[in-house]
Each structure stands twice: as C-alpha cells, then as structure tokens.
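Chemist: Have a look; sequence and predicted model below, questions after that.
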Amino acid sequence: MDKYKKLMSNTLIFAIGTFSSKFLSFLMLPYYTHVLEPSELGNGDLLFQAANFLIPVVSIGISNAIIRYGLDKHYRKSDVFTGAICAIFAGYLLFLFWSPLLNRIPFNEEVRSNFYLIYFYVLTSSLRSLCSQFVRARQLVRFYAFDGMLSTVTVVLFNVIFLSVFKLGVPGYVLSTICSDFLSACFLFGMAGLRKYINFAHMEWHVLGNMLRFSIPLIPTSIFWWITNVSDRYMLTTMLENGDSINGLYGVSYKIPTMINLVSSIFSDAWQMSAITENGPGRDKFYTKIFSAYSALLFTTASGLILFAKLFISILASEKYYQAWTFVPFLVISVVFSCLVTFLGSIYMVEKKSGLTLATTILGAIINVILNILLIPKYEANGAAFATFASYLAVFLFRIINTHHFVRIRWNPLKVLFNSSILIAQAWVLLTIPVLWKWILYESLLCLLMILFNMQHLLMNLQHVLARHSRPRSQPH
C-alpha cells in the first residue's frame, strides 16, 4: 500500500475511534463544572496528574517499547507481549513495596485523603495501555478504534453513577476512569485474543532485555515531560494563596487547547506506525511533506481556538469558571509546539535514540521550572502558561536542528516565525483589548491572515495525497 494512502487510511480509522474519547473532555466539561467546585476539580486533576507521573515509572516505560518492537518484523509478537507483562507486574510490585514514601509528599488534605485511588488508577491504566498498544502493534486499527468508542461510553456512564447518583465528588471523578480502564483492558484482552500471545515457557528473554534498554531511558523522559506539563499546577497550588481555586480554573482552560491535541493524537497514532514501518527511499521527502502539512494544520487550528476562546469557555463551563479564558491563549500556543515536538520525537523513536529524547526533555523541564518560579508570583496562571510555551519552543528548536542528522526535514524557519507571531499577536489582543468590537475585529483579521497564509500549503499537500490515492498502480513486469 502506498505510504501516503496507508497513513491517511489509518488516520481516518483512528479518528473514528479516538474522536469520541478525546471529544469527551469537552462534552463532559459543562457537567464537571456544574457538579464539582473549582477546588474539587483542581484536586481531582492533581490526583490524575500524580498518577500520570507514576505510570511510566511503575510500568518501566514499556508501552513505548510495545509499539516499537511489536511493529518490528524481526521480533515475535508473543515475546513482546509476554515481556511487557513481566515488566509491568514487576514494576507494580516494586511500586507497592516503596509506596509508603508517597505519604511524605506534601499534598493538601483533600488529595491526601483520596491518595489510595492512585494505586488502582496506576494499575488499570498500565494494563489498558499494555493491551491497547499491543493491539495497535498488531495493526488491528479497527479494533483499537472500536475500543476508543466503547471506553467513551463507559466513562460517561460511570461519571453519572458516581457523581450524580452516589455524589462521591473527587473520588467519583477518579473512579470513573479507573473502572473504564479496567473494562477496556478486559475487553481488549478477551476479544482480541491476546491470551495466545502469553508464552512464558518459550519466551526469548533477550527480547525483553532489548525492550528495557529502549524503554528505561524513556522513564526519566516521561518524568521530565510531566514536570514540563504539570509542575505549573502544583506550583500554582503551593505558591498562591488561593491556589486550589486558580488551579481549578487553570485545569478548565487546559480543555480548550486539548482540541488541538484531539487532532494531533489522532494523527500521531497513525504516524507512529508509518514512521516505524516506512523506512525506505524517499523518507526525507515523506517526512518533509507530512511535517509541513501537519504544522500548517496545527497553527490554523490554534488561531481559531484563540479567536473563540471566550465563547468556548462560556459554552463549556459554568459561569464561575468564566475567567479561565484568560489562560487559554498561551496554553494554545504551547500545545502547538508540544505537538511539533512529539512529531520530531518519532524520529528518535525510529532511530532508537532514547538518550536524545531524554536530553531534550530535560532542557524543557529546566526552562519550565525556572520560568514558573520567576513568573507565577507576579503573573499567576498566565505566567505558568507562558513558561510552558517557552519551554516547548526551546525543545522544538533543539529537536528540529538535531533530528536533521537522521532525517533531513526541509522546514522554513520564517514560516514558523510568521505563524508564531500571529498567534502571539492574537494572545496580546485577547488579553489587553477590553472593547468587544475591537478585539473581535482584530482577532478575526489575524485568524483570516493565518488561514490565507497556510491554506495554499494545506491544499497542495491534500492534492498530492489524493493524487497518490487515485494514481493507478503499474502492473509488475
């Protein structure tokens, strides 16, 4: 199958399954903001983020190795799956052994009283990741997509039961995801026939060794990404007097940029498979065309989100959360560069350069923490949002230069600078011009400029892909 056609086909299938689960965060936002106070929502997010910090450590980062080695034809899939099971359960046992140390972390009383939920969430999330990544490695993309839709239904169902019927508050908010992940893991394991890939008796243990050598350097990488993405929430809570409430507003504002993540994650699931399996002639040109179209789509989407930030917040959240719009602009810009950084990270994955992934992630985390310390006391949540943007921008610049040693992506620095300048101008307009008709006019003109600047490039790449789709194949001689 033509590589463009395969990427497009997989992206469409992932879109069908992923859209429902990712879009859930927007559909459920009005519900969450009505049944939970800002401090409750903020504390619930802190529990999730604490668990997300622990998951790559406890699972030894093995989910990255599952997709990388599961798609590699040189390894038996039973060795990959069996090895991953061993890694996850060994890591979880060590986690339980060292768990008393977690009680020393200075969380607030609400988070500490519900900390037990983290143990369940880490386990169920790791098991779901194990099964879903292996299903994707077997290229059962339709099955993977169906599970995404199914998990959406169960999350909504459990939220209604735990928050509206039993009124459990923060525990119910977290339990909904725990139960959904557990059912998803059971569904994938049973329906995809994963049991036949468990083979301890004939396991090639060197495969697990190779997987661990690949995944272990990615554990600190995940930790430093967590610092870049989440440290601002903990610092807001501890450094500001009303930190719990501000963190709740900040968490709601994060939901708007995740609309970009929705587009990105759909593409990334398909792109990882193409990046690993398409390694022949023309790879540089293939990466360049995809990067150009992808970045144009990201910048255009981001421009529209900043334009409609106030409207989205007013629709998706209750009135007490309305001020969350002020944190949206720089969070949107940071997510754009986060997506570009992830795209470039796929090159390190293909080349098995885990060390470079770690080095660039450390750079972003250091910049983020320093800027948070400097900016949060004066600018509060907007200082945190700008710190996140600056750290991702720095990592992007490093990676776009460094990955040139492996894949020669021909990118246009002036084009990236121009697109970034438009977004920053939109952020300035939204945050500084209070007169309604003025900021709507300026924002609309800037958004139109962004669309016109990128539309030609998007249409050219779409035309190229469609041409590849429709071009008749020559018969073998």
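Modeler: Sure, I can see it.
Chemist: going forward, measure contacts between C-alpha atoms and count neighbours the same way
Modeler: Will do.
Chemist: quick one, what contacts V341?
Modeler: By CA atoms under 8 Å, 6 or more residues apart in numbering, the contact set of V341 is 392, 395-396, 399.
Chemist: what comes up buried for the helix or strand harbouring it?
Modeler: Here V341, judged by DSSP states H and E, is contained in helix 328-351. Neighbour counts over helix 328-351 (16 or more other CA atoms under 10 Å) mark 328-350 as buried.
Chemist: How about stretch 172-191?
Modeler: Within stretch 172-191, the residues that count as buried by 16+ other CA under 10 Å are 172-185, 187-189.
Chemist: and if you look at stretch 282-301?
Modeler: 284, 286-301.
Chemist: Tell me how many other residues crowd Y392.
Modeler: Neighbour count of Y392, defined by other CA atoms under 10 Å: 30.
Chemist: make that I362, sorry
Modeler: Based on other CA under 10 Å, the number of other residues close to I362 is 21.
Chemist: which of the contacts of V341 tops the neighbour count?
Modeler: Counting by other CA under 10 Å, top hit in the contacts of V341: Y392 with 30 neighbours.
Chemist: and that residue, what does it touch?
Modeler: Y392 sits in contact with 334, 337-338, 341, 364, where contact means CA under 8 Å, 6+ apart.
Chemist: still on that earlier bit, with secondary structure as new columns, can the contacts of V341 be given to me in a markdown table?
Modeler: Converted to a markdown table, the contacts of V341 look like this (DSSP: H, G, I helix; E, B strand; the rest coil):
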| residue | secondary structure |
| --- | --- |
| Y392 | helix |
| V395 | helix |
| F396 | helix |
| R399 | helix |
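Chemist: so S354 makes contact with P217?
Modeler: Yes - between S354 and P217 a contact is recorded at 5.8 Å, counting by CA atoms under 8 Å.
Chemist: Once you drop chain neighbours, what's closest to I67?
Modeler: Closest residue to I67 apart from its sequence neighbours, by CA to CA, 6 or more residues apart in numbering: A137 at 5.1 Å.
Chemist: same question, L356
Modeler: Y348 (7.1 Å).
Chemist: ok, so what distance separates the one you found from I223?
Modeler: 17 Å (CA to CA, to the nearest Å).
Chemist: before we move on, what about K320?
Modeler: K320 is 33 Å from I223, by CA to CA.
Chemist: out of those two, which sits in the more crowded spot?
Modeler: The neighbour comparison of K320 against I223 (other CA under 10 Å) goes to I223, with 21 against 13.
Chemist: and the more buried one, what does it touch?
Modeler: Taking CA under 8 Å, 6+ apart, one finds 53, 56-57 in contact with I223.
Chemist: now with 10 Å?
Modeler: For I223, the contact set (CA atoms under 10 Å, 6 or more residues apart in numbering) comprises 52-57, 229, 358, 361-362, 365.
Chemist: Tabulate the residues you listed (TSV), appending distance to C86, secondary structure and pLDDT.
Modeler: Below are the contacts of I223 laid out as TSV (distance: CA to CA, whole Å; DSSP: H, G, I helix; E, B strand; the rest coil; pLDDT from 0 to 100):
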residue	distance to C86	secondary structure	pLDDT
N52	20	helix	89
F53	21	helix	89
L54	18	helix	92
I55	15	helix	94
P56	15	helix	92
V57	14	helix	93
N229	29	helix	83
L358	24	helix	87
T361	27	helix	91
I362	29	helix	93
A365	31	helix	94
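Chemist: With respect to L430, which of the residues you listed is nearest?
Modeler: N229 (23.3 Å; CA to CA).
Chemist: I'd say that closest one and T388 touch.
Modeler: Yes - under the criterion of CA atoms under 10 Å, N229 makes contact with T388 at 7.0 Å.
Chemist: so where is the protein shaky, pLDDT-wise?
Modeler: Low-confidence segments of the chain, defined by pLDDT under 70: 1-5, 7, 11, 13-26, 106-108, 269, 272-273, 276-281, 460-477.
Chemist: chain center to the helix or strand encompassing L175: distance?
Modeler: Here L175 is covered by helix 170-191, with elements defined by DSSP H and E. Relative to its chain's centre, helix 170-191 lies at 19 Å (CA atoms, centre = their mean, to the nearest Å).
Chemist: Report all helices and strands that that helix contacts.
Modeler: Counting contacts by 3 or more CA pairs under 10 Å, 6 or more residues apart in numbering; DSSP states H and E, helix 170-191 packs against helix 38-58, helix 109-113, helix 116-137, helix 141-159.
Chemist: make it 7 Å
Modeler: Applying 3 or more CA pairs under 7 Å, 6 or more residues apart in numbering; DSSP states H and E, one finds that helix 170-191 makes contact with helix 38-58, helix 116-137, helix 141-159.
Chemist: Could you check how far the residue nearest to I67 is from V263?
Modeler: 21 Å.
Chemist: swap in N382?
Modeler: N382 is 24 Å from V263, by CA to CA.
Chemist: what does L175 give?
Modeler: Taking CA to CA, one finds L175 at 27 Å from V263.
Chemist: What ranges does the stretch 151-300 of the chain have for its helices?
Modeler: Listed in chain order, the helices of the stretch 151-300 of the chain (DSSP state H, counting those that start in this stretch) span 170-191, 205-215, 218-239, 243-253, 258-277, 283-307.
Chemist: then the fifth one to CSV, C-alphas only?
Modeler: Put plainly, it is helix 258-277. Coordinates of each C-alpha in helix 258-277 appear next as CSV, following Å, rounded to 0.1, in the frame of the first residue of the first chain:
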residue,chain,number,x,y,z
THR,A,258,-6.8,19.8,24.1
MET,A,259,-8.9,20.3,20.9
ILE,A,260,-5.5,20.6,19.2
ASN,A,261,-4.4,17.5,21.0
LEU,A,262,-7.5,15.8,19.6
VAL,A,263,-6.4,16.5,16.1
SER,A,264,-2.8,15.7,17.0
SER,A,265,-3.4,12.4,18.8
ILE,A,266,-5.5,11.0,16.0
PHE,A,267,-2.7,11.7,13.6
SER,A,268,0.1,10.6,15.9
ASP,A,269,-1.3,7.2,16.4
ALA,A,270,-1.3,6.6,12.7
TRP,A,271,2.0,8.5,12.2
GLN,A,272,4.0,6.4,14.7
MET,A,273,3.1,3.3,12.7
SER,A,274,4.1,4.9,9.4
ALA,A,275,7.3,6.3,10.8
ILE,A,276,8.4,2.9,12.1
THR,A,277,7.4,0.8,9.0
